[in-house]
Structures are given as structure tokens and as C-alpha cells.
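Participant: Dropping the sequence and predicted coords here.
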Amino acid sequence: MGKHFFKQTIRDVDVERETVLVRVDYNVPMNDDGTIADDLRIRASLPTIRYLLESQCRLVLISHMGRPEGRDASLSLAPVAARLAELLGQSVKFIDDCVGDKVRQTVRHSPCGSVILLENLRYYPEEEADDMNFAKSIVKSTGAAFFVQDGFGAAHRAHASTHAITMCLPSFAGLLLEKEYTMITRSMDQPSRPLVAVIGGAKISDKIDLIRRLIDRADKVLIGGAMANTFLQFKGYNVGKSVWEPGQEEVLRDIYAKASGKVGEGSVDDFIVLPSDVAVGANTSDKDQPRREVSVDRIAEDEMALDIGSESIERFSSIIKQAGTVIWNGPVGYSTIESFSFGSARTALAIASNQSAVSIVGGGDTADFVLKWDGGDGESFTHVSTGGGASMELMSGQKLPGVESLLDAYGPGVLH
Ligand code: ADP
Ligand code: 3PG
Ligand code: MG
């Protein structure tokens, strides 16, 4: 894996008995009762933590949670410390601040081999402002000698803990960051073909760079979700009360022009594959609605297309069956209502059943969906990304500040 990555990793540095500052992304979804709804991001940080602990260093973990304005007890990282301790099988000290005297005293008095988690970095506005003095105070308070970036989910942000801090300490990639980066860029840059992309979710405008890049690189682009409604509307279908995104005509004209240039006008609809039928409902609030399917030219004025229909599911599945690589970003239906989750469930099944394909799942809602579908671990897929925005930006070909700012790898055989 290493030769595809262009940054130094924790394998390149000796941290024995040092204090190491590790940026993780513990921005985990929480239930209303304050418990953790999904701990994928905590579990995904374990390999780096365990690897570093073998060197008997002192680990100080930093993360953000949510988007607080100042101190907000509902966005404290305290519950994460408890869950991490359970998963690691050792105690994790939680400090209710990320800078200052309490941090200094606790870290200094912690023996080698201890793990400390600091409070939500975003309690301080300086974090998102990429403030160098804030980064320096974190370094001074912790007394860290090295910085490790393992918070892939936050690597698309240029914040104090992903960017400024790399100017204060020698900075290395953690194992999760390396794995995410390598899996995602390899699937886009050197895919086993055919490369099939399944794109769904809500808005074209959120995913326009990704769609453009996929038009360029993929062999088939399957469109589902509310995104498909916007495509269908553009093609002249009446989508009734469906969620679709106005103002995208120019973007869509450009997408179709690019696609025609690539595969020829006559083959465009076999390249950008839209649903031919949909499951319709009355609204997105009634959880007990029945599922009723219609052809895409039969959506009534008062109906919403909330999932792809059976014929489309079969077509998507047979294309996925032939794939060498599948990239999936965005549920193909309103998957939080059970009767409209079939399309996404069958997409997951088709991907999981194609044992010879490399499968990469990105996007917060898509990852949530496949983890539930898979009973929690996502092992039916080659890689379920822990990053929402970060995975999409990386798939779109953008550079991530949190990766770019780390020390470059050296030596022969390193690809740039
Ligand atoms: P991800 O987080 O995986 O990138 P998105 O945030 O783009 O995915 O998409 C998820 C959203 O899309 C969800 O809120 C989902 O309910 C919505 N969605 C998907 N299909 C439909 C549809 N047919 N109608 C309305 N909303 C939809
Ligand atoms: C995420 O959940 O996508 C990351 O933790 C980044 O969070 P943000 O979008 O609030 O910067
Ligand atoms: Mg989402």
C-alpha cells in the first residue's frame, strides 16, 4: 500500500517514549439520550492508536465534534473517551479542555503508554480559523514532540488541527489516513474495469465535481435518489411533487455534452443510466407508507418519487455484477423509510455479491446505510470510508489540506 502514498507515515518515525499528538475524527453521530449512535470512526482509529502504543509513547488525541458556537455540553467528547476505553481495553483519560494548565499537568503526570483525549477543539473559534497561535498553544500545553494526522473525515478542512499545527511539529500520516487516501485514489486513478459509479442522494450541486470526474473516468454512471429526479426533470419527465433541484439545466447540459463526447450521442443513455421506473409515495414523513411503483413517465402531480423501481433495480444490479470496481456515493432512495430503502438495499446486495470487484462506499448517509445493512462492520465491501465531505473531495480530484501539509515521503518508488 505504501508505494501509492506520497507522505511519511507513523512507520517512518521513532516515537519511543515521546508524547505524540494524534488528530482523529471523532465527530460521531449521537442519539438524543447522549449515547453514541455509530462508532465506526472510533473503531477505525484503533490501528493507529495500537501501533503507536507499541512504542510506549504517550498519546494525546484531539478531535472536533459537531459545529458548536462556543462551549456546548451536548457536543462534548466525554462519551467518546468512554467508548474508546471499552474498545481499546485500557483506560482513556478525558480532559475537559484542549489547551491550558489542566492539559499540561495531566499530560506531564501521565506515564508512557497512556491515552488521553482532549475536549472538542471547536469550543474555540480559533480552530476553524486555522489560527497558528491556537495550534502553538495545543503543542505547548501537551508538550508533544510529533504530530500524527489520522482524522481522514476532517482532512478536507484547513483548520488549526489539520493545517496550522503541521507548521509547529514534524507531521506524519496515521494508518487510517493512509488507507483511506490509497483506497480512494487508487479506485479513481487505476481502477479494475469496468468502473461503475452509483451516485444518489439529494443534490447535484453538492456532487457536481464528482459527477464530472466520473463522466471522465467511469465506464457507467448509475443515477438514483433525488438526484435522478433532477436528471429526469431535465429530460422532460414530469416528476410531480418529487424532490428535485432547480437551476441545474446548464450543469446538466454540460454533463450530457461531455458524456456524448466520450461515448457518442447514441450511447449516452447506456452510459449515464437513469431509473426507468420509481417507487412513489405521498410525502417523506409517513413512515408506514406502502410502496407503489410506476414507470417514470407516469408520476402523478401529487406523487413523490422516493426510490428506484424494480426494473431499475434489476438493471443497476446486472451492471454492478459485471463491474471490476464499484464506487457508491449517495443512497438511491429515501432510505430512512423502510419501503423506500429497497433500491439501496438491493444496490448494497449487488455490490456485496460481486466478490471480484473492488467496492468503495463514500458519503455519510451511504456509509450509515451500508453499515446498518451489513450488521455493523461493513465487511461486505472493500472499503467503507469514514469521510463524508473528505471522501467526496478526494474522489473529485481535489487536494486535501490535511494530507498536503504532512511531511513528504522520500526514497525511490514513491508515486506522486
Ligand atoms: P451522502 O451523505 O451519502 O453523501 P446525501 O447526503 O447526498 O448522501 O444524500 C442523502 C439524502 O438524500 C438523504 O437525506 C435522503 O433521504 C435523500 N434522498 C435520497 N433519495 C431521495 C428521494 N428520492 N427523494 C428525496 N430525498 C431523497
Ligand atoms: C464530517 O463529519 O464530515 C467531518 O467530521 C467534518 O465535519 P465538518 O463538515 O463539520 O467540518
Ligand atoms: Mg449526507
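Facilitator: Arrived safely, thanks for sending. Ligands and ions are numbered 1, 2, ... in the order given.

Participant: Let me see the contact set for whichever residue of the stretch 51-200 of the chain sits closest to ligand 2.
Facilitator: Closest to ligand 2 within the stretch 51-200 of the chain is Gly153: 4.1 Å, counting by CB to the nearest ligand atom. To be clear about C-beta, it is placed using only N, CA and C from the backbone, and glycine gets the same treatment. Residues in contact with Gly153 (CB atoms under 8 Å, 6 or more residues apart in numbering) are 25, 27, 41, 386-390.

Participant: who's in contact with Ile138?
Facilitator: 21, 62, 98-99, 121, 160-161, 165.

Participant: So which of these sit within strands?
Facilitator: Mapping these onto strands (DSSP state E) picks out 21, 62.

Participant: Count residues in the vicinity of the closest residue to ligand 3 within the stretch 151-300 of the chain, would you?
Facilitator: Nearest to ligand 3, among the residues of the stretch 151-300 of the chain, is Gly201, at 6.3 Å (CB to the ion). By other CB atoms under 10 Å, the residues close to Gly201 number 21.

Participant: same question, the one 5 residues further on
Facilitator: Neighbourhood size, Asp206 [other CB under 10 Å]: 15.

Participant: Any figure for the gap between the closest residue to ligand 1 within the stretch 251-400 of the chain and Ser391?
Facilitator: Nearest to ligand 1, among the residues of the stretch 251-400 of the chain, is Gly363, at 2.4 Å (CB to the nearest ligand atom). Gly363 sits 7 Å away from Ser391, going by CB to CB, to the nearest Å.

Participant: now do Leu46
Facilitator: 20 Å.

Participant: same question, Gly324
Facilitator: Distance from Gly324 to Ser391, by CB to CB: 20 Å.

Participant: Who has more neighbours out of the two?
Facilitator: Between Gly324 and Ser391, Ser391 has the larger neighbour count (other CB under 10 Å), namely 32 against 15.

Participant: count of neighbours near the closest residue to that one other than its chain neighbours?
Facilitator: Spatial nearest neighbour of Ser391, chain neighbours left out: Gly362 (3.5 Å); criterion: CB to CB, 6 or more residues apart in numbering. Neighbours of Gly362 under the rule other CB under 10 Å: 27.

Participant: Apart from its chain neighbours, what residue comes closest to the residue of the stretch 201-350 of the chain found nearest ligand 2?
Facilitator: Nearest residue of the stretch 201-350 of the chain to ligand 2: Asp206, at 12.1 Å (CB to the nearest ligand atom). Excluding the flanking residues, the one nearest Asp206 by CB to CB, 6+ apart is Met392, at 7.9 Å.

Participant: ok, the one you found touching Arg213?
Facilitator: No: contact criterion CB atoms under 8 Å: Met392 and Arg213 do not qualify, at 10.4 Å.

Participant: more crowded one of these two?
Facilitator: Taking other CB under 10 Å, Met392 and Arg213 do not tie; Met392 has more neighbours (23 against 16).

Participant: And the more buried one, how close does it get to ligand 2?
Facilitator: 9 Å (CB to the nearest ligand atom, to the nearest Å).

Participant: One more: Val403?
Facilitator: Separation of Val403 from ligand 2 (CB to the nearest ligand atom): 14 Å.

Participant: so who does the closest residue to that residue other than its chain neighbours touch?
Facilitator: In space, and not counting its chain neighbours, Val403 is closest to Ala155: 5.4 Å by CB to CB, 6+ apart. By CB under 8 Å, 6+ apart, the contact set of Ala155 is 149, 162, 177, 387, 390, 400-403.

Participant: Of the residues you listed, which belong to strands?
Facilitator: In strands, defined here by DSSP E, the members of the contacts of Ala155 are Gln149.

Participant: how far does stretch 103-122 stretch from start to finish?
Facilitator: Taking CA to CA, to the nearest Å, stretch 103-122 runs 16 Å from one end to the other.

Participant: Please compute how far that stretch lies from its chain's middle.
Facilitator: 28 Å (CA atoms, centre = their mean, to the nearest Å).
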